[in-house]
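Colleague: here are the coordinates; sequence isn't available:
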Ligand code: SAH
Ligand code: SF4
Ligand code: F3S
């Protein structure tokens, strides 16, 4: 799945702008302890951070907006690119100072935990490099948080938990949630068996595991009951989802069947899913994209590179022509669909000619939005050992050329919506007085003037102007 970008909370966000999970202080719990979670990386980390807060609420933790006075600080980290992982260590330096200051004020101890994909990949190194860290917990261990905290306080020592038992995690986590707004993520599948040669995810998230239908539906119902109108089903390979049909027929359900089932839940008006892999797109899902009205016409399908040679070296398991044909079939099923993609430039062995194939792909497919990165060498992945690594300046040059083209397409797509009326899910107020903020079906942030009682509703907005990243309109 993609990292998240500042543009919106549902679509991939730039790794440099970590999302902070905020919760209202829970006044009902006496002597409540303060929890601060900082989230880096992809949507699954956003989901996991919310689940950590859910698990800690019953044992007296209420979330706060700043780490200074927190009793427990959790950094939920991302290992996808080198820069993302390095950021954790600089943040730990700042946390150490806060911890000392808090103790200096006589306000007691601050427990520091590192969670997420860096924790999984480099747990022992974190303990060695950053003595401030009390706990390291991998992505499959969050249901054990209360017990781990107890162990830390009892033993006054460090705790390292990096077991892989995705099924156990989901069986143990409650299906009740405390949603932050009207749009929520819901993990349906976790882990990856694809082993693209550039990627750490199969090592940090483990093997592909799908959650049972009943568990997902229970969670979705709870979200709907609490006012959530839009659910984004997430997974590292969300369209590899497969589970037993809940009717006992012995059949297996794919993502299409799951989506149609979730669409029956009253109150849920919009469904999205991310991230899909081209290899796992089946006919049923394409048909569902065409037929299911609650499914938003916005689809994220990474290609990474346009050259077949590079796709092979990346172990993506498909050619450019196969991707292009797939997109053709998806557009046939859902003509109003907008596409987004992920791209990597400068994978080892990528020549100018290979890079031109990526540009050709962009010209032919035409994306409504996109996420593009310079290849980052990840120790332990097969890509790291490949000959003909591409120099940094060549990567930067290629990224600039690619992004100019992708952003021009994004701007043109946004411009094409001017004059149209779009249903917007109102998420909150905008920066200006009387202004509201919401999401279009294509996930663009949309600003318009309106009364606050519209927050949480889906309202028609006529688009009057469009920038590269957002839309402005009038309530229609
Ligand atoms: N499961 C998704 C992607 C998960 S990672 C898929 O198969 O497409 C999100 C994105 O980060 C990837 O699509 C890729 O574009 C980028 N990425 C992953 N590893 C990277 C690396 N080593 N260097 C640069 N970008 C990388
Ligand atoms: Fe990484 Fe490839 Fe798996 Fe996506 S499919 S998570 S890019 S290994
Ligand atoms: Fe997500 Fe980063 Fe892990 S993208 S799966 S948090 S490595």
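Modeller: On my side now, so go ahead. What you see is a predicted model; the values in this text were computed from it and never measured. Numbering: from 1, shown residues only. Ligands and ions are numbered 1, 2, ... in the order given.

Colleague: what about the helices in the stretch 251-400 of the chain?
Modeller: Secondary structure of the stretch 251-400 of the chain by DSSP state H, counting those that start in this stretch: the helices cover 255-262, 283-291, 308-313, 320-333, 352-365, 392-416.

Colleague: now for the longest one, which elements pack on it?
Modeller: Using 3 or more CB pairs under 8 Å, 6 or more residues apart in numbering; DSSP states H and E as the contact criterion, the elements in contact with helix 392-416 are strand 338-345, helix 352-365, strand 369-374, strand 458-466. The C-beta positions use only the backbone N, C-alpha and C, and glycine is treated the same way.

Colleague: Tell me the first helix or strand C-terminal of it.
Modeller: Counting by DSSP states H and E, the next helix or strand C-terminal to helix 392-416 is strand 421-429.

Colleague: on contacts alone, who are the packing partners of the helix or strand following that next one?
Modeller: Next along the chain after strand 421-429, taking DSSP H and E as the criterion, comes strand 435-439. Strand 435-439 is packed against strand 421-429, strand 445-449, with contacts defined by 3+ CB pairs under 8 Å, 6+ apart.

Colleague: For the ones you listed, give me TSV that also has distance to ligand 3, mean neighbour count and mean pLDDT.
Modeller: As requested, those are exported to TSV (distance: least, CB to the nearest ligand atom, whole Å; neighbours: other CB atoms under 10 Å; pLDDT from 0 to 100):
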stretch	distance to ligand 3	mean neighbour count	mean pLDDT
strand 421-429	23	20	97
strand 445-449	22	21	98
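
Colleague: Now do the same contact list for the residue of the stretch 351-476 of the chain found nearest ligand 2.
Modeller: Using CB to the nearest ligand atom, the closest approach of the stretch 351-476 of the chain to ligand 2 is made by residue 381 at 8.8 Å. With contacts defined as CB atoms under 8 Å, 6 or more residues apart in numbering, residue 381 is in contact with 197, 198, 199, 200, 203.

Colleague: Of those residues, which belong to helices?
Modeller: Applying DSSP state H to the contacts of residue 381, the entries found in helices are residue 203.

Colleague: returning to what we had before: per-residue pLDDT, the residue of the stretch 351-476 of the chain closest to ligand 2?
Modeller: With respect to pLDDT, residue 381 has a value of 97.

Colleague: That one and residue 348: what is the separation?
Modeller: According to CB to CB, to the nearest Å, residue 381 stands 11 Å off from residue 348.

Colleague: same thing with residue 459?
Modeller: For residue 459, the distance to residue 348 - CB to CB - is 49 Å.

Colleague: Who has more neighbours out of the two?
Modeller: residue 348 (20 against 17; other CB atoms under 10 Å).

Colleague: and the residue nearest to the more buried one when sequence neighbours are not counted, what is it in contact with?
Modeller: With sequence-adjacent residues excluded and distances taken as CB to CB, 6 or more residues apart in numbering, residue 348 is closest to residue 386, at 3.8 Å. Residue 386 is in contact with 197, 313, 348, 349, counting by CB under 8 Å, 6+ apart.

Colleague: Between which two of those is the distance greatest?
Modeller: Spatial extent of these (CB to CB) is set by the pair 197 and 349 at 10.9 Å.

Colleague: which neighbours do those two share?
Modeller: Joint contacts of residue 197 and residue 349 (CB under 8 Å, 6+ apart) are 313, 386.

Colleague: With pLDDT added, can I get the contacts of residue 386 in CSV?
Modeller: Below are the contacts of residue 386 laid out as CSV (pLDDT from 0 to 100):
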residue, pLDDT
197, 98
313, 98
348, 98
349, 98
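
Colleague: quick revisit: can you tell me which of the helices of the stretch 251-400 of the chain is packed in deepest?
Modeller: Most buried of the helices of the stretch 251-400 of the chain, by mean neighbour count (mean count of other CB atoms under 10 Å): helix 255-262, with a mean of 23.

Colleague: does any part of it sit near ligand 1?
Modeller: No: using CB under 6 Å from any ligand atom, helix 255-262 stays clear of ligand 1, coming no nearer than 14.0 Å.

Colleague: could you say what helices and strands that helix packs with?
Modeller: Against helix 255-262 (3+ CB pairs under 8 Å, 6+ apart) you get helix 213-225, strand 230-234, strand 270-274, helix 283-291.

Colleague: Contacts made by the third one with the rest, please.
Modeller: Counting by CB under 8 Å, 6+ apart, strand 270-274 makes contact with 1-2, 10, 43, 183, 188, 229-235, 238-239, 255, 259, 262-263, 292, 294-296, 298, 300, 425, 441, 443, 458, all of which sit outside it.

Colleague: At which residues are the strands of the stretch 1-150 of the chain located?
Modeller: Assignment of strands within the stretch 1-150 of the chain using DSSP state E, counting those that start in this stretch yields the ranges 19-21, 33-39, 61-63, 72-77, 111-115, 135-137.

Colleague: Residue 418 is nearest to which of the ones you listed?
Modeller: strand 19-21 (29.6 Å).

Colleague: pLDDT of the closest one, averaged?
Modeller: pLDDT averaged over strand 19-21 gives 35.

Colleague: same thing with stretch 358-373?
Modeller: 98.

Colleague: how long is it end to end?
Modeller: 13 Å (CA to CA, to the nearest Å).

Colleague: Distance check, residue 424 against residue 182.
Modeller: On the measure of CB to CB, residue 424 and residue 182 end up 11 Å apart.

Colleague: Residue 244: what's it in contact with?
Modeller: Per CB under 8 Å, 6+ apart, neighbours of residue 244: 212, 213, 250, 251, 252, 253.

Colleague: For residue 35, list each beta-bridge partner.
Modeller: Counting by DSSP bridges, residue 35 is bridged to residue 63, residue 72.

Colleague: what's around it, how many residues?
Modeller: Other residues close to residue 35 by other CB under 10 Å number 24.

Colleague: quick one on the thing from earlier: out of the helices and strands packed on helix 392-416, which gets nearest to residue 92?
Modeller: The minimum distance between residue 92 and those falls on strand 369-374, with 24.3 Å, by CB to CB.

Colleague: what helices or strands is the closest one leaning on?
Modeller: Using 3+ CB pairs under 8 Å, 6+ apart: strand 369-374 touches strand 338-345, helix 392-416.

Colleague: between the ones you listed, which one is nearest to residue 93?
Modeller: Among those, helix 392-416 sits nearest to residue 93 (CB to CB), with 25.5 Å.

Colleague: Just want the angle from the closest one to helix 352-365.
Modeller: Counting by axes from the mean of the first three to the mean of the last three CA atoms, to 10 degrees, helix 392-416 lies at 10 degrees to helix 352-365.

Colleague: and helix 392-416, anywhere near ligand 1?
Modeller: No: in terms of CB under 6 Å from any ligand atom, no part of helix 392-416 sits within range of ligand 1; the closest distance is 9.6 Å.

Colleague: Quick check: which of the helices and strands packed on strand 369-374 is nearest to ligand 3?
Modeller: It's strand 338-345; of these, that one is closest to ligand 3 (CB to the nearest ligand atom) at 10.7 Å.
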